[in-house]
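[1] sequence and computational prediction follow.
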Amino acid sequence: MKGFDLSAILTNPDYTAMLLHGIEMTFVIFFGSWLLAMALAFTLLCIRFSPFRFGDRIVAVYVSYHRNVPTLVQLMLWYFGIFTLLPDWLTAWLVAHNAETIFAVLGLGLCQAAYFSEDLRSGLRSVSPGQMEAAKALGHGYLSAMRFVILPQGVRNALPPLINHSVSLFKNSSLAIVIGAPELTHAVKEVENLSFRTFEIYLIGTVLYLFFSLLIMGAGAYLSMRADPVRGARA
């Protein structure tokens, strides 16, 4: 087709429905993997700060694997490798409940947990040791001091890298196309195959990813400002 015509995409109800569904599934994958990654990151952090050195080594191996193996390869390993080794009853259940999306959440969440745990670890290590001593002097035990004094400061210090990695996680949701998850990039590809409007649909996809990435960054910047008492007072 010749000429540039965005309306050929935007005014077609079938194409817009496909794009809206792709956006919905992208956020399902993003929020699902983000929650999994954050929960696992705190678990890894607790293991790493425990007195057991063996646990620290296990976490170090976990982090090293997920930070050095491409995310795309990890997704393919989960879907094309591990999926085939599961029992028949579990395979049938996964197929009936959108296995591609489940494995996208699982693969991205496990991978991102390595980055989140290192961000949180760096944030905690930046807290002055005197804070723990001061908390104990005020009558706090170890767990109480960690909960009310150390963790709030550590998480606040870790917010900038956590926000950056959250945006990266959102963008990496597009990798789920390789396992057939019906996210935004998959929808863009399907619309392109049907409409033959290659430039228009990829332009729309680019703008949508840019918009949502900037939206996440803006929300993160707002959280950082609210978490910083000095910047919050100035605002």
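    Good, I have the coordinates.
[2] in terms of pLDDT, where does E100 sit?
    Per-residue confidence at E100 stands at 95 (pLDDT).
[3] count the residues that sit near it.
    23 (other CB atoms under 10 Å). For the C-beta atoms, the positions are set from N, CA and C on the backbone; glycine is no exception.
[4] tell me which element it is part of?
    Assigned by DSSP states H and E, E100 belongs to helix 99-125.
[5] what's the average pLDDT for the longest helix out of those in the chain?
    In the chain, taking DSSP state H as the definition, the longest helix is helix 13-48. Over the span of helix 13-48, the pLDDT mean works out to 94.
[6] kindly report the same for stretch 166-181.
    pLDDT averaged over stretch 166-181 gives 95.
[7] list the buried residues of it.
    166-167, 169-170, 172-179, 181 (16 or more other CB atoms under 10 Å).
[8] likewise for stretch 39-58?
    Those buried within stretch 39-58 under the rule 16+ other CB under 10 Å are L40, A41, F42, L44, L45, I47, R48.
[9] leaving out chain neighbours, which residue sits closest to the second one?
    Meaning A41. F116 (3.6 Å; CB to CB, 6 or more residues apart in numbering).
[10] quick one on the thing from earlier: closest to G55 out of the buried residues of stretch 39-58?
    I47 (4.4 Å; CB to CB).
[11] these two touch, right, that closest one and G55?
    Yes - contact criterion CB atoms under 8 Å: I47 and G55 qualify, at 4.4 Å.
[12] follow-up on the earlier one: reformat the buried residues of stretch 166-181 as CSV; add secondary structure and distance to A8.
    Listed next are the buried residues of stretch 166-181 as CSV, based on DSSP: H, G, I helix; E, B strand; the rest coil; distance: CB to CB, whole Å:
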residue, secondary structure, distance to A8
S166, helix, 34
V167, helix, 31
L169, helix, 33
F170, helix, 28
N172, helix, 30
S173, helix, 27
S174, helix, 23
L175, helix, 28
A176, helix, 27
I177, helix, 23
V178, helix, 28
I179, helix, 30
A181, coil, 26
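[13] ok, A227 to I177 distance?
    35 Å (CB to CB, to the nearest Å).
[14] quick check: buried residues in the helix or strand hosting I9?
    Assigned by DSSP H and E, I9 belongs to helix 7-10. Going by neighbour count (16+ other CB under 10 Å), the buried part of helix 7-10 is A8, I9.
[15] re the thing from before, outside of whichever helix or strand comes after the helix holding E100, which residues touch it?
    Downstream of helix 99-125, the first helix or strand assigned by DSSP H and E is helix 129-137. For helix 129-137, contacts defined as CB atoms under 8 Å, 6 or more residues apart in numbering pick out Y142, S144, A145, F148, V149, I150, Q153.
[16] kindly report the same for stretch 172-190.
    18-19, 21-23, 25-26, 29-30, 33, 71-72, 75-76, 78-80, 100-101, 103-104, 108, 112, 201-202, 204-205, 208-209.
[17] thanks a lot, see you next time.
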